[in-house]
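Chemist: Show me the folded form of this:
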Amino acid sequence: MVRLLPEGAAHTMTLSMAGNDSSTGGSTPLLKPDEDVVAQDLGDSTVLVNLRTNRIYSLNRTGTRFWELASSGRSEDEIVETMLGEFTIEKNELISEIARLASDLRKEGLAG
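Modeler: Numbers count the residues shown, from 1 in each chain. Reported below is the predicted structural model:
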């Protein structure tokens, strides 16, 4: 969802993953945060700011955990296994959600 703010204000977008509390990509890092992106952890969410575009993004709790793991250079396999131990979600659904979120982050210029 993209919500535009008044002229001169930052643009906002919410990026989220499904999931509740509770071998797919090899060993190379899934993605690398762009150097022009600043992340601020707010506990159960994270705000990402793309300094080039002045757009602001919000990650929910599961998206935040994905960002933490991906930012630390983890592979997709490592991220999936870690998140399966932390969230109640089926493996195939998690893999699909991770692929979608990684694609969204790349499309928005937040990661490569």
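
Chemist: if I look at residue 111, how far off is residue 88?
Modeler: In this view, residue 111 and residue 88 are 26 Å apart by Cβ to Cβ, to the nearest Å. The way it works is simple: take the backbone N, C-alpha and C, and place the C-beta from them, glycine included.

Chemist: more neighbours, those two?
Modeler: In terms of neighbours (other Cβ atoms under 10 Å), residue 111 is the more surrounded of residue 111 and residue 88; the figures are 21 against 9.

Chemist: check contacts around that one.
Modeler: Going by Cβ atoms under 8 Å, 6 or more residues apart in numbering, residue 111 touches 31, 32, 33, 34, 37, 70, 102, 105.

Chemist: what's near enough to touch the first one?
Modeler: Same thing as residue 31. Contacts for residue 31 (Cβ under 8 Å, 6+ apart) come out as 70, 102, 105, 106, 111, 112.

Chemist: One more: the third one?
Modeler: Neighbouring residues of residue 33 by Cβ under 8 Å, 6+ apart: 39, 67, 70, 71, 110, 111.

Chemist: which residues does it bridge with?
Modeler: residue 111 (DSSP bridges).

Chemist: Look up how far residue 70 lies from it.
Modeler: 8 Å.

Chemist: Residue 66 is in contact with residue 98, correct?
Modeler: Yes - using Cβ atoms under 8 Å, residue 98 is in contact with residue 66, at 6.4 Å.

Chemist: Quick check: which helices or strands does the host helix or strand of residue 62 pack against?
Modeler: For residue 62, the enclosing helix or strand under DSSP states H and E is helix 61-71. Identification of packing neighbours for helix 61-71 by 3 or more Cβ pairs under 8 Å, 6 or more residues apart in numbering; DSSP states H and E yields strand 37-41, strand 46-50, helix 76-86, helix 91-107.

Chemist: ok so, going back, would you convert the contacts of residue 33 into JSON lines that also reports pLDDT?
Modeler: Output for the contacts of residue 33, formatted as JSON lines (pLDDT from 0 to 100):
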{"residue": "39", "pLDDT": "95"}
{"residue": "67", "pLDDT": "95"}
{"residue": "70", "pLDDT": "94"}
{"residue": "71", "pLDDT": "93"}
{"residue": "110", "pLDDT": "95"}
{"residue": "111", "pLDDT": "94"}
